[in-house]
Structures are given as structure tokens and as C-alpha cells.
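Enquirer: This is a predicted model, with the sequence first.
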Number of protein chains: 6
Amino acid sequence: MRIKIINPNTSIEMSKNIDLIAKMYKRKDTEIVTVSSQIGPSSIDCYYDQAFASIGVLKEVSKSVNEGFHGVIIACFDDPALQASLEYCDIPVVGIGEAAMHLACLVGAKFSVLSMPKSSLNSIQEQVRRYGLEQRCASIRLVDVSVSELENNKQSVKKELLKEGSKAIKEDNAEVIVLGCAGLAGMDKEFQNALHVPVIDGVVAAVKLMEGILDYGIKTSKVLTYRKPAAKPLKGFDKLMEDSVSV
Amino acid sequence: MRIKIINPNTSIEMSKNIDLIAKMYKRKDTEIVTVSSQIGPSSIDCYYDQAFASIGVLKEVSKSVNEGFHGVIIACFDDPALQASLEYCDIPVVGIGEAAMHLACLVGAKFSVLSMPKSSLNSIQEQVRRYGLEQRCASIRLVDVSVSELENNKQSVKKELLKEGSKAIKEDNAEVIVLGCAGLAGMDKEFQNALHVPVIDGVVAAVKLMEGILDYGIKTSKVLTYRKPAAKPLKGFDKLMEDSVSV
Amino acid sequence: MRIKIINPNTSIEMSKNIDLIAKMYKRKDTEIVTVSSQIGPSSIDCYYDQAFASIGVLKEVSKSVNEGFHGVIIACFDDPALQASLEYCDIPVVGIGEAAMHLACLVGAKFSVLSMPKSSLNSIQEQVRRYGLEQRCASIRLVDVSVSELENNKQSVKKELLKEGSKAIKEDNAEVIVLGCAGLAGMDKEFQNALHVPVIDGVVAAVKLMEGILDYGIKTSKVLTYRKPAAKPLKGFDKLMEDSVSV
Amino acid sequence: MRIKIINPNTSIEMSKNIDLIAKMYKRKDTEIVTVSSQIGPSSIDCYYDQAFASIGVLKEVSKSVNEGFHGVIIACFDDPALQASLEYCDIPVVGIGEAAMHLACLVGAKFSVLSMPKSSLNSIQEQVRRYGLEQRCASIRLVDVSVSELENNKQSVKKELLKEGSKAIKEDNAEVIVLGCAGLAGMDKEFQNALHVPVIDGVVAAVKLMEGILDYGIKTSKVLTYRKPAAKPLKGFDKLMEDSVSV
Amino acid sequence: MRIKIINPNTSIEMSKNIDLIAKMYKRKDTEIVTVSSQIGPSSIDCYYDQAFASIGVLKEVSKSVNEGFHGVIIACFDDPALQASLEYCDIPVVGIGEAAMHLACLVGAKFSVLSMPKSSLNSIQEQVRRYGLEQRCASIRLVDVSVSELENNKQSVKKELLKEGSKAIKEDNAEVIVLGCAGLAGMDKEFQNALHVPVIDGVVAAVKLMEGILDYGIKTSKVLTYRKPAAKPLKGFDKLMEDSVSV
Amino acid sequence: MRIKIINPNTSIEMSKNIDLIAKMYKRKDTEIVTVSSQIGPSSIDCYYDQAFASIGVLKEVSKSVNEGFHGVIIACFDDPALQASLEYCDIPVVGIGEAAMHLACLVGAKFSVLSMPKSSLNSIQEQVRRYGLEQRCASIRLVDVSVSELENNKQSVKKELLKEGSKAIKEDNAEVIVLGCAGLAGMDKEFQNALHVPVIDGVVAAVKLMEGILDYGIKTSKVLTYRKPAAKPLKGFDKLMEDSVSV
């Protein structure tokens, strides 16, 4: 099976790391191709960034069937354009945010999300509620740095994240930690050793869930919410979407 | 005071109608300018359309301060890019969806949303929950036609909408009807006469709430969720956003 | 348009202040008349006070149409007798509690209510839930003094309120502050300058929303919850209500 | 033990029936005294009626300790002035609405409330939510007649109520029926025989719970919500409350 | 009336204490018989213990009708096998957990549960939600010792419990304390004196509620959730259940 | 990897079918061993059956590590003894109920559970709420036959289930169907063809999720809720559990 992982920002470095992690956990018979978004922001910190990132994601999603993929993973914790992709695509699409949270529910009573910056609190709360998982979410613990600062000061940000993770366990009664940013991909085992609870990396979670979905052969329900969008004029984006699977 | 109304789709006809309604209810000392989105879909029926419409909205939002406006209204019931606009903008931004629902709460115990197409059920439910108003929402009643079909068959769609509105009142115990699409702007009084409950047009609601907000002089809180986005590379959109207020 | 503001307690001083604030923010073409309740408690601190205050409010509400008013505002944050007034009245009625909270939702993701005394916690929580806004309410922060102590020690109580407001922002992630008592009317700008988030005064919010409702011409839904009460013997209160619009 | 039952309306006939039912189920060593409210409406159909009824209830509550009672029951399903009474009183106060609903939870998974008129839907929903029992409430089924119509046409209203009760069981999966009006007191066994599920009469429920509370010797918590109201001018009601236990 | 109290663990000492407390508060005409479970764990600290305790409870429940009892009380705060007992039994069954929580709702706005060990947090949260009382529960405060440690170090554990109870009142705004373990039976008055809020012992609550239920003559609804289980092979337990009332 | 599937009832036939389905979807390198419970009921229709089934499940769970398994699946939709097993076990345990519901969330906005008998409504509702998924569950649709009747009249029960499934999609807006009973294992594709929405078989879902969990190497959090139970006397079950991994 062939899975396309879309990094919704334009950072090649982040895509490389995502690709590395995904390949570390994939099954032998799974082929992973990771791409960076061709248009959009260099990192995703807010609703504004999410809006532009969505277009880059949809461009990549639109090509995925023609490129021969069986499933698509959107590798940003906010799951930008996930619902638009579920509408557009006939093949399964999974976001790393939803994957991490649903998997976390299987290994502990309550999870906390560990992420950044502090201003993303409302966005993540809405996401948790959108997935219907507020009862399972002990807290959202945030360090107040941007994603690019994480890239530049990994060690010091990591230290702060670990401090918040520890508080999540002690003060909020979290039993599982969900890494709330694709920029944290690959830090799960290190955090797990430090915090003594399972730590879920959304990239791994999404790869494993996608393999399961493809093995099972189930597809996105097209009966109501995720019906295929009707073709209509899309001024300014017609060219962008034209080499895609026709809508 | 000067208010910019952004129609998030590219339909000039719909913008004209929105403008007409807004001017009918504005105060004498309010200046209204209604614009159509320059890029994006011709109508908004689904998450996919919302994603592209968001970019057109943000383009218009970004110019609004330089253009001398004091407030911005996003005139699509889904409130596309509302939260990104609240981040980007220093002047107040109101969506017609949130305006209609909050105003409805002041004139009845429960409201129902009347809209189309049927596949938008989940999107509107998420919106109601995002605004925290699920306890006030009796039901979402949808006619299964696209927005463009509404434009082409107004009379027959209206009849179906009235049937659903009547069921909302009788079966779901709705006491107020919220028109769930800017394409329905101007039908409020006709529906009100037929249904014998208050019917709220989001365009009017947003104009009246914006006038109140501007009179009061309150502005969007910039302390957490709606902090101004940091400047960063925005590949493929840099040119689009460049003549805007610098981020 | 003529708006009657009812101060549900018998304090003339508080009514004067409410009147001052309302007139400061009203439009030129709006006429405001503020009255103190003729019967009931001198201030409202608890359910017991609310029960007696409700009668004074209903007396004033019952005269409002004959007095030529177009809308009524109940100027106590608890909104005493709001629902009974919505039943009784054919003209719109708005409470400053509901007005402040709905307006707050338009300028920030979460609001906190700042009020007194501490024992009013449950009453305000019930009110927030009655309006269906618990998802938007970050916290209710209370200083443990009575309303009359506020009147007598404004400076020291204000200091404590600002401390709680600051905690609401830092610890509870509030982005907007709602002043939870008509006795705090007029302190909004001072608090806003100190706290750096929008601060909403319910009196102003109610005036602006009422102006919008009257401009729009919508009225309370009379189809279910707020049907006009049937005339029936009202022992001990018949005389009180007799010069009112006949029920 | 001596229990005072307050019928919050002025109907002597209804008080007599309540008294009859209460005495039928009381223990031998329990003394029951039932009184009609001396002021207020002849029956309670809406928020407006509840507001006036609250004053009559508080008058009776205020005398209860001096009269030598150990507990007070408010015998209207809406529990008017219950919270104000909990504040005012040092002896336990129970409302028949809360009593019926809590007892229902012990004999079935979900209950439905059967009452009238249809316009009381919102009031009862708010009450269920105020007690935190919405998850246990299958539905609120209402016949659209006033309480006085019930008094005048008992047989035909009873038939309609039974029809709604039957629908509550078959369509809403109710397992217990709660009689939602003191005017229905004494109909429980007849309804139980017809509907084949437990039917709870709030008057009986309140008597049995009050006996339990008094046996146990627990009292209303005075630490926060139900602190004793401070003495303060109560214009127009001072005389009414003067022969009461001093506040 | 004859009430059987089942202690779901095998500790004779705990049963004796439960019996003592129950008899202290029972009415003169009530006969109480307390039994220890014949099979299962010596104390109940977790889901694993609850599973085995359920079998012992069901064995005792199954004999109760033949033994001439009119009602059954399950005297462990977790209410193990309560729902299975409600299915199996034709006579009323009440758990001390549900009894304590429903009674607490009548004497204060919010209650906190005080119990042990810390790992039981999720189990008690689920129980509160199962009874639909999460809105009434201020917090669950736990001391991290096992139930057997409580038995062995009563004084020191009591001290810690009082500290948590005090925090529940001051920090979580609890107004009533619910003792969350049958091992705490009899400590209510001592805690009440120390904490100045009502403290509810589930054993007493269950006895008083059961007396009320039996006086009233209502029985468990058998129409849906608690239908009698069909007879079927029960390998390994047939002998255990054979001398019971035939299913 | 070696996965043990425990059928919590004693029906060999049902175990054989579960084994067949699991092996149809397992990966080549996965070894599946399916066992029937050695003690407990022949089928599971109610809380009473669940209580006894839990013991049989715990017996099998307790042997699983010594038997060399890496993961355990509990193959009854009610997930009996799941939480006790998570406590007891050091290797991952997944229930088919939770697996089916979490997987369903990835392929549609809302799912409905299709099961039997009608009396299991409350048990499944509690389960959905326990997993925190009530916002994702459109409805629970039940046919009123026992599990053993399903075994005996597969064709006619299937027809009724399909009718309910169709209603779930049309009336409740379900987009995914979850088969709510291990007795339905293997009917997914047939139902999918008839209903045109994804249909999830919990056995397959659990196998795929367990493979993912084992690939990822995450384990149940032992920090709070699922701490290992302390060793203690377990009267009547000591022998049953003695050949197990020592607790």
C-alpha cells in the first residue's frame, strides 16, 4: 500500500523528519512518500496560517489519486483542510491530530495535549470538541513559543514541554501525553522515558491507523457530510486545481 | 462609521442583494460598502468551498484598515475565515452566522437554523458548538439543494424552506428562525409573516451588532486566541497579501 | 425610540449612575428613561433579594407600554424577572446580564464574569447555563463583599476586583471581562486600561443591543415559552398590577 | 417531626388534595400541616405566575420556624422560591419537583416529566438542568391546557396525559413517569396501572425524602450558595415579612 | 419492613460497622440485616476488585426475596453489581453511592466526594456521570491509600481526608461532602463538626431512601433497562446461583 | 506478534466465527488465537450476563502473558471487564466496542450502533459516554431479540437490523454503521453493500488497532487509573486465578 504524507507547511526540514519517523514505524509492505506543501506558510501557529495552509494541502490531496496513492495523511496537528479533503477524496484521509487522540484513548483514561504556542489553546480546544473527545482530554498544556522557535531552540523548548507534561500528569491527572505538533515528531520515546506514561506521536499514530483502514478496506462515508463537492467556478484557483483529479 | 461587508463568494448578484438589505437597516450615519470576494468559489456549499473562500475573505480583510473602514462583516452564514480575520485585524470583525444566532437568543428561548444543502448539517452543528450555543439551538433544518439552485429556483426552494421552518416550530419547538445562508438575505419578513415567529437575517443582525460594537468602542481581545499573526514566508500568497496592512 | 431602563433595586443613586452611563453611549435619536424599582430590596445579593426585586420589575414592566416605551432594559446583572417580563410584554425586553455575555462572545473566545459577593457563584453559573453560554465562560471571579459594601468602599473593592480580573486572564484564560453587577456600571474603561482586554458593561451592551433590536423591528417570540400569561386572580398583587396594561 | 407543606398558589381545594395525599403516605409519627399561599396567583402556569407565587411562599417559609416546624415542603412542581427559601431558612426545605426527579432516578434509568401547559417546556427544561439531571430525563411531555383547565376537566385532561405518558415510554424510552404538577397529586397509582412503569408523585416523594432528611439530622449547607440573606430595607414588603423569624 | 444490607467485600469487621450505623439511623419498625459477601475480595480498591465483588453481591441479592426481605442495599460506594441487581431483583435495590449523591443534592448546590485511593478517580467520575450528576459534583478528592490501609491507620488517614475535605470546600466550592467509601461509615458527624458543611454517609442515606421507597410502594421499572434476565446456561456459576430465586 | 482474542461467552460456535473473521483481516505476520470463556453465560444480553462474563474474561486475561501473547482482544461489544483487564495486564488490551467506535470516527462524521436486544440501550449509551464519544454517536438502533435468537434466526434478524440501519442513516443522519455485537461479526460487507455507508465490525477494528499498537510499542498507562491491583485475599476465586501471572 502507498501512503502520501502531506506536510501542510513549506518547511523541507520538517517534512524530512516526518518522513524519517513514518518510515521507522511503517510496515515493510507500506510505501511512504512525504511531501511539503508547495504553497502556504513556512510554519503553522494560528488560524491565519491554517487558512493558507489548507490550500496547499488541498492541492496535494487533489493529485494523490492520480499519483497512485491509497491513502493520505495530513501531518500537522491542527488537521488543516481535513474535512475539505474528506469531501474531495475518494481514498481515506487521516489527520495526525485525530489519529493521536483516538489512539491515546486506547491506552489510558485521559490524555493531555502538549504543544505551542499558548495562543493555540482555543484552536486545539475546538478541535478536541469537534472530534467529540473533550471528556477524554485532561488538559491542553502549551509552551509560549512559536513553531519556528521550536525549530531553532529545540533543547530549551523541549525542557519546557517536559515541565508542562509533568504538570499535566501531576496536576491534571493525564495518563497519556499527545504530542500536539508535527514539529515534535520523533520526541515520543524521549518524553516517554522522562514522563513514565505513554506518549503518542501523531505521525506514527496516523501511519498505523491508515495501514489498518487500508487493510480493512473501509472508505470515507460519502452519504452526507463528506459528499464530493460539486464542480463550480473557483476564481483564482482554477489553474491550481486543474491538473488534479477532476472534481 | 464605515463598515465593509465582504461577500465571501464571487457572485456579484448576491453581493448586490446583501448590500441592498444592509442599507435598508443601517443607521443614517453608517456607511456600508459591500464587496464580492475577488478569488474563490462562486457559491459556498461545503468545507471545500469554505477553504478557498477563506483566502478571498482574508485578502479583503487585509485591505480594510487602509481603506478607512471601522468594522468588517463577513457575509456568509458559515463565517469563513472569521477567526483568522479576528487574528489579522485590529478593527472589529463580525460574521453573519454568529450575529444571527446571538441576536436570536434575545427574542426567544430556542432558535432553529434554516438552510441548505443537507450535507452542511455537520458544518453548521460544529459552528453552533464553536459558538457554544447548542443549548439554544432547537434544530438545523435543511433543504437538499445547493446554493446555486436556490438562486435559480427561488420560489420552489422558498416553499420547501417554509415547510421545514414550520416543522422546526411544531416538531422541534423552535421559537425563532435563523436564516442560515446569505442567499436568503431579505426573505426574513416574508418568512416571519408566514411562520408567526421572529425570523433573523444574519446580514441585518451583523450590521446592527457592528453599529453597537463601534458605538461602544470595544475591540477584539488580542491577549490570547486572536493575537496578531507573526510575519512569516507565505509561499504563493505573498503577492496576494502584499498590498495589505503589513502583518 | 424610547427605552425604559428599570433598576430592579430601590437605590436612587444606582439608578442615577445607570442613567448617566446609558445616556453616554445612546444614539442621539434614542430617549432613555431610567427608573428605580418602587418596591423591593435596596440592593440585590442573593436569590431572596431577586425574588422580591422581581415584583418591582414586573410593576414597572407592566406600565411601560402605556408610558409609550418601545423597549425595556432590566439593569441588574442577575436579570431578575426577565423571563416573566418577556411573557408579559409585547415590546422587547433585554437584561444587562444576557446582553453583556452575548456581546462579549463577539470580541473574544472566552469571557469571565467579575462580580460579588462570593455566594452568588451558583446563581451566576445557573444564569450562564440558562443562556447556554457555559462553553464561552472561562470563569466567574467574585470578591466577597455585598453590593452595599461596594457602594461604600468603591476604591478598595475595585482594587480586589482588578486582582480577580487579572487572575481570570492569567489563570483562567479569559479574553474578555464582563462586569457582573450594575453597581459596577461605568468602570469598564478604567478596568480595560488596567487589564488590557475588552471589558463589557452590561448597561451599555443592553442599550446598544436594544437599539439594534428596535431598528430591526423584531419582537419576542410569543409562540411557546413567552406566551402572554392568562388573566387570573393574583391575591395581594391585584392592586399593584391594576393600572398596568391589562394582561 | 412536624412538616409544613406550602401550596404556592391560593387554591384551597388544591391544598386540601395535597394534604390528603401527604397524610396518606406519611409515617405515624410525622405531623403534616398544609397551607395555601395567602398571596399570589390562583394557579401557576408560567414564569409570571412563579414570580408572584414566590412571595407567598417566602411569607409562609418565614413563619415556619416560629410555628415549630422541622421541615418545609414547597408543593408546586416548579419549586418556586426554593433557592430563596434555602437561603432564608435554617430548617430543611424540599421542593416536590426536585424530590420527584431524584427519587425517580433510583427506580429506573430514565424518567419523563408529564405536565401542562405546553408553554412550560422551557421552564421545566431549565429546572431539570438546574438540578443537573438532563442525562436522566428522557423527555418532557406536555398537554396544552392550563392548570385551571385541569381542575375543571380532570377526566379529559387525564386521558390526554396518559396518551403522552404512553408515548414517553414507547417513543422516548422513559422508564419512570414523574407527575409534573401538584394538581396531579394522587393520580400516580392510576397512571401506574395504566402505564406499567413506576409513576412518581412529587408530594409523596418530598414527604418521604423530608422524613429521611430529618431522621438523618442533616441541614442545608450555609457555607456558600445558601448563606442567610443580610437584613436590608425591603420596600413594600417590610410589613409582609415583619412577623417572621428575623432575618 | 425488612432490609438486607450487602457488604460487597468479605470483611466481617466492615460489615459490623455498617450494621451498627444502619441500625443507629433506621426507624423503629425497620429490620436491618447486614451480611458480608461470601465470595470476592477482602476490600474494593479498583475495577478488578469490583468485578469479583459483583459475583458475591449477586449471590446475596439472588437469595434476598426467599429470605423475606423487602429491599436490598449494596453497601460499597462504587455500587458494584447495582445494575445487574436491578435487573435480577423484583424488590427495590439501592446503592450507597447513588443514595449519598442524590441526598447531597437536596442540602447544597454542589457536593464533593471524599475517598481513596487516588487511582479510583476515573471509576468515581464514571459513576457520577452514569448517575447524570456531573453538574452537581464540585470535585472528587482522594487520599492515596488503599481501603485496607484506612482500616489499619484510621487516625492518620482521617487527618488526610479532612485536609482534602477542607480543600474541596475552599478551592472547589463544595457545599456538601459525600463520604466515598463504606469504610468511612460513621465518620460523618465528626467530619461535619470539623468542616462545617453537611457530610453524607451513604449507608445512612441508603437506609433512609429505602425506607421512603418501601413506604411509597414504588418498584424498579421493568420495562426496558432492568428487564429480568432470561434464564440461560451460566457455566461455572450455575451451582452458585441455583438456590436463588429462579431467574 | 501473537494476539489472544477472548470471546467472553461460552459459545464455541461464536468463537469459531470470530476467529475466522480475525484471521481473514490479520496481517501475515500476526498470529491470532481465539478462545471461548471457560466460565460464564452462553451469551451476553444484559448487565447480569456481563457481570458473570467478566470473571471468565479475567481468567483468560490472567493467563495471557504466560501463554506468550503480546496483546489481548475482548470480543464482545460491551467490552466486559475491559477496565479490570487494563489494570491487571501489562500487555495492551483492546475491546471490540471501543475499537469499532474509534475507527468509525475516522471515516464519517457520525456513527450509529446497530445491535440487540432493545433493553441494552442504556448499557450501550453508558458505554458511548464512558468512551466520551456521545457527540459522534447519531443513535443506537436496536432490534428486540436476544443474542441467542440472532444465532437461531440469522436471516430474519438480519432483515430487521438492515431496516434499523437504514432508518439510522435516513432519520438519525448516521454516516457510518457500527455492528454492536460480536454475534454480527462477518456481516459488515453484506450490510455495507445494502446500506451504502461504511460498516465497522469491531473484531476487525480491534485486530487492526492492536497490530498498530504493537507495532508502535505503546502500552497501557499504569500511572493512575490502570495501576496494577494489589494482591489481596479473593475468597472463592483464589483457585481460579492462581495459575495466572501473579498479581
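Expert: That came through fine.
Enquirer: any idea how far the residue most central in space within chain A lies from chain E?
Expert: Centroid-nearest residue in chain A, with CA atoms, centre = their mean: residue A:96, separated by 2.8 Å. Taking CB to the nearest CB, to the nearest Å as the measure, residue A:96 falls 26 Å from chain E. For the C-beta atoms, the positions are set from N, CA and C on the backbone; glycine is no exception.
Enquirer: Could I get the contacting residues of that residue?
Expert: Neighbouring residues of residue A:96 by CB atoms under 8 Å, 6 or more residues apart in numbering or on different chains: A:73-77, A:79, A:182, A:202-203, A:205-206.
Enquirer: For ChimeraX, what selects the buried ones among those?
Expert: Entered in ChimeraX, the line below selects the buried ones among the contacts of residue A:96, by 16 or more other CB atoms under 10 Å in any protein chain shown:
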select /A:73,74,75,76,77,79,182,202,203,205,206
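Enquirer: Can I get the contacts of residue A:96 in CSV including pLDDT and secondary structure?
Expert: Below are the contacts of residue A:96 laid out as CSV (pLDDT from 0 to 100; DSSP: H, G, I helix; E, B strand; the rest coil):
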residue, pLDDT, secondary structure
A:73, 98, strand
A:74, 98, strand
A:75, 98, coil
A:76, 98, coil
A:77, 98, coil
A:79, 98, coil
A:182, 95, helix
A:202, 98, helix
A:203, 98, helix
A:205, 98, helix
A:206, 98, helix
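Enquirer: Pick the one among the contacts of residue A:96 closest to residue C:168.
Expert: For the contacts of residue A:96, the minimum distance to residue C:168 (CB to CB) is 27.7 Å, reached by residue A:77.
Enquirer: which regions of chain A sit below the pLDDT cut-off?
Expert: In the predicted model, chain A carries pLDDT under 70 at residues A:243-247.
Enquirer: where does it come near chain E, residue by residue?
Expert: A:109-110, A:173 (CB under 8 Å from any CB of the partner chain).
Enquirer: among these, who's most crowded?
Expert: The member of those surrounded by the most neighbours (other CB atoms under 10 Å in any protein chain shown) is residue A:109, with 28 neighbours in all.
Enquirer: I'd assumed residue A:175 was in contact with that one.
Expert: Yes. The criterion here is CB atoms under 8 Å, and residue A:109 meets it with residue A:175 at 5.4 Å.
Enquirer: tell me, what's touching these two both at once?
Expert: Shared contacts of residue A:109 and residue A:175, defined by CB under 8 Å, 6+ apart, are found at F:221, F:224-226.
Enquirer: Show me which of those is closest to residue B:58.
Expert: Distances from residue B:58 to these, taken by CB to CB, are shortest for residue F:221, at 41.4 Å.
Enquirer: Residue in chain A with the shortest distance to chain E?
Expert: residue A:109 (4.3 Å; CB to the nearest CB).
Enquirer: That residue - that's part of a helix, no?
Expert: No. The assignment for residue A:109 is coil, going by DSSP: H, G, I helix; E, B strand; the rest coil, so no helix is present there.
Enquirer: Next up, the contacts around it.
Expert: For residue A:109, the contact set (CB under 8 Å, 6+ apart) comprises A:136, A:175, E:122, F:221, F:224-226.
Enquirer: change it to 7 Å
Expert: A:175, E:122, F:225 (CB atoms under 7 Å, 6 or more residues apart in numbering or on different chains).
Enquirer: What of residue A:172?
Expert: A:112, A:138-139.
Enquirer: Distance to residue F:101 for the residues you listed - can I get that in TSV?
Expert: Converted to TSV, the contacts of residue A:172 look like this (distance: CB to CB, whole Å):
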residue	distance to residue F:101
A:112	22
A:138	20
A:139	23
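Enquirer: I'd like to know which of the residues you listed is nearest to residue F:57.
Expert: So of these, ranked by how close each gets to residue F:57 (CB to CB), first place is residue A:138, at 27.6 Å.
Enquirer: What degree of burial does that closest one show, as a neighbour count?
Expert: Using other CB under 10 Å, residue A:138 is surrounded by 21 other residues.
Enquirer: The host helix or strand of it pairs with which strands?
Expert: Here residue A:138, judged by DSSP states H and E, is contained in strand A:137-142. When pairing is defined by DSSP bridges, strand A:137-142 lines up against strand A:111-115 (parallel).
Enquirer: Not counting its own residues, what contacts the strand it pairs with?
Expert: A:77, A:101, A:104, A:124, A:136-142, A:161, A:164-165, A:168, A:172, A:174, A:176-181.
Enquirer: domain ranges for chain A?
Expert: Here the domain parsing of chain A from automatic domain parsing is A:2-95+A:204-242, A:98-202.
Enquirer: Convert whichever strand or helix holds residue A:22 to CSV, retaining C-alpha atoms only.
Expert: Element membership of residue A:22 [criterion: DSSP H and E] is helix A:12-25. What follows is helix A:12-25, C-alpha atoms only, in CSV (Å, rounded to 0.1, in the frame of the first residue of the first chain):
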residue,chain,number,x,y,z
ILE,A,12,11.5,20.8,3.8
GLU,A,13,13.4,20.1,7.0
MET,A,14,10.2,19.3,8.9
SER,A,15,9.0,17.1,6.0
LYS,A,16,12.3,15.2,6.1
ASN,A,17,11.9,14.5,9.8
ILE,A,18,8.2,13.4,9.4
ASP,A,19,9.3,11.1,6.6
LEU,A,20,12.0,9.6,8.8
ILE,A,21,9.7,8.9,11.7
ALA,A,22,6.9,7.5,9.4
LYS,A,23,9.4,5.1,7.8
MET,A,24,10.7,4.0,11.1
TYR,A,25,7.3,2.6,12.1
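Enquirer: Show the subsequent helix or strand relative to it.
Expert: strand A:31-36.
Enquirer: Helix A:12-25 and that next one, what's the angle between them?
Expert: Strand A:31-36 and helix A:12-25 are oriented at 160 degrees to each other (axes from the mean of the first three to the mean of the last three CA atoms, to 10 degrees).
Enquirer: In chain A, which residue sits closest to chain C?
Expert: The nearest approach of chain A to chain C comes at residue A:122, 4.3 Å away (CB to the nearest CB).
Enquirer: related to what we said a few turns ago, now tabulate the contacts of residue A:96 in a markdown table and tack on distance to chain D.
Expert: Below are the contacts of residue A:96 laid out as a markdown table (distance: CB to the nearest CB, whole Å):
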| residue | distance to chain D |
| --- | --- |
| A:73 | 37 |
| A:74 | 35 |
| A:75 | 38 |
| A:76 | 36 |
| A:77 | 32 |
| A:79 | 30 |
| A:182 | 37 |
| A:202 | 32 |
| A:203 | 37 |
| A:205 | 31 |
| A:206 | 33 |
